[in-house]
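In: the following comprises the amino acid sequence and a computationally predicted model.
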Amino acid sequence: MIEAPVIREFYNTFGKSPSFFIQVPGRVNLIGEHTDYNGFPVLPISIPYYITAAGSPRRDHTMNIRNTDSRYDESSFILSSSIPPARNGHWSNYVRAASQALADFSGGSLTGADVLFSGSIPGSAGLSSSSALVIASALSILAANNLNVDILELAELMAEGEHYVGTQGGGMDQAICLLGCKDHAVKIDFFPLRYAHVPFPADHSIVVAHSLIRAAKTENALLLYNRRPAECRLATALLNTILALEIPLQRLGDLPGKCADITESFVKSIFDRDSYSLEDIAKIIEEQPESITQRYLMTRNGIPMPVPPDGFLIQQRALHVFSEAERVEKTCKALMENDTETFGSLMNDSHTSCDTLYGISTPELNTLVSVMRSFGASGARLTGAGFGGCAVALVRDDSIEQVIGGIRKEYYDGYIRKTHPELRNADNFREIIFAVKPSSGASTVVL
Ligand code: GLA
């Protein structure tokens, strides 16, 4: 019998017992950042922090949702072919995203549910609390309707479905929520989705620490995030023209051959400028700037993305994506051989590439990863979308205390106190620094 407080709370809220209980983990990505939407692999793990949902079916088509955290107000909507979004940034939009995707997928009328959500994954931290909420919502609707969808199909459906909130993300987060495996990292490939378990070193853990800079993917980080997939779409369009490919690539990952063969000089010979204007791209691919905007730069609300003031940094983005994809392959090999030293140094290289080529790090994350390394981590890097959120470090189990102690002293009490005194007490410390080992993926229990 499950003793989760959310079950008792469900009874107090809805006056009946729940008929299902769902638990969906957050994740940290070990390596392979911003590779997923390019069709290259990622290597995340599930972590034992969760979004949980207790629910029961209704007799109508209404989703009636509550949250145990009073900061998130209640919401309800009808499961239909056109579910209107709540205001921007409202938590229910993730539930609506899953609902819309399942309504479209099922093509029929879905039974609604009363659902109470709860969560222990820190938000705006790059630990995938949003995709865990999307998956918990999808599993709730499936449970209420007594439906089964193949796990890979569901992950792909929800990756696309989450675009409802305005982000143009890839499929890593939804997939790892469902595919997480105790004591293993999961190498996930895309288009089509497939996966393999990779053993995680038994005597190591991942120390996760929040930089205390919020990275909210539907708020401050939305434009910053969406710019990167757009630059990669433009890179693909340029490659198609410059290489005169008979079958055009749909994404960078379609380039034939192994990443190891795609050298820095090859990338620099194809993308030979430091920065591209829309007009530069138009000239090369012989297409009008307006048509390029329509094809590559549109957002969900029909407004084009602004051209970045520093131009499109296509060469740098491509260099990151191809080298990061190669690092994922090398990391899998290192893990198969239990070679933690190589794994650690690949994490460090990945962080440098995320910072200098992909532009997704921050001064705070750079400081945090240096502190992690200086206190004995074998490797450290940012995790997830970037622009704030958490850094992760590979740490021997017998050094965890030393690394956590060092982060508290040098980063939170030293650096943050000095540079951001207003942030020092903004969060609960126990929630933002912890050590984990890979845990299992999502589960549904019918009560
Ligand atoms: C976010 C997105 C993912 C992925 C990462 C960066 O978490 O949701 O699809 O692109 O950023 O690796």
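Out: Okay, I see it. Numbers count the residues shown, from 1 in each chain.
In: going by C-alpha atoms from here, please, whenever you check contacts or count neighbours.
Out: OK.
In: list the helices and strands the longest strand seen in the chain packs on?
Out: In the chain, with assignment by DSSP state E, the single longest strand is strand 43-57. Identification of packing neighbours for strand 43-57 by 3 or more Cα pairs under 8 Å, 6 or more residues apart in numbering; DSSP states H and E yields helix 5-14, strand 20-31, strand 113-119, helix 129-144, helix 172-179, strand 184-189.
In: just the CA trace of whichever helix or strand comes after that strand, in PDB.
Out: Using DSSP states H and E, the helix or strand that follows strand 43-57 in sequence is strand 62-67. Listed next in PDB are the C-alpha coordinates belonging to strand 62-67 (Å, rounded to 0.1, in the frame of the first residue of the first chain):
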ATOM      1  CA  THR A  62     -13.300  17.800 -17.500                       C
ATOM      2  CA  MET A  63      -9.700  17.800 -16.100                       C
ATOM      3  CA  ASN A  64     -10.000  19.200 -12.600                       C
ATOM      4  CA  ILE A  65      -6.500  19.800 -11.300                       C
ATOM      5  CA  ARG A  66      -5.100  20.900  -8.000                       C
ATOM      6  CA  ASN A  67      -1.600  21.100  -6.500                       C
END
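In: got the residues of this structure near the ligand?
Out: Taking Cα under 6 Å from any ligand atom as the contact definition, the chain meets the ligand at 33-34, 36, 169-173, 384-385.
In: which one of the helices and strands packed on strand 43-57 is the most hemmed in?
Out: Here the criterion is mean neighbour count by mean count of other Cα atoms under 10 Å, and of the helices and strands packed on strand 43-57 the winner is helix 172-179, at a mean of 29.
In: what about that helix, average pLDDT?
Out: Mean per-residue pLDDT for helix 172-179: 98.
In: ok, residues contacting that helix?
Out: In this structure, residues lying in contact with helix 172-179 by Cα atoms under 8 Å, 6 or more residues apart in numbering are 24-27, 36, 42, 44-46, 128, 131-132, 134-135, 151-152, 155-156, 158-159, 186, 188, 440-442.
In: how about stretch 350-365?
Out: Stretch 350-365 is contacted by residues 31-33, 211, 213, 228, 316-317, 319-320, 324, 327, 380-382, 385-388, 390-391 when judged by Cα under 8 Å, 6+ apart.
In: from those, which land in helices?
Out: The helices, defined by DSSP state H, take in 228, 316-317, 319-320, 324, 327 from the contacts of stretch 350-365.
In: measure Thr352 to Gly26 for me?
Out: As judged by Cα to Cα, to the nearest Å, Thr352 and Gly26 stand 25 Å apart.
In: that should have said Pro199, apologies.
Out: Applying Cα to Cα, the value for Pro199 to Gly26 is 19 Å.
In: number of nearby residues for the residue of the stretch 251-400 of the chain found nearest the ligand?
Out: Closest to the ligand within the stretch 251-400 of the chain is Ala385: 3.4 Å, counting by Cα to the nearest ligand atom. For Ala385, the count of nearby residues is 26 (other Cα atoms under 10 Å).
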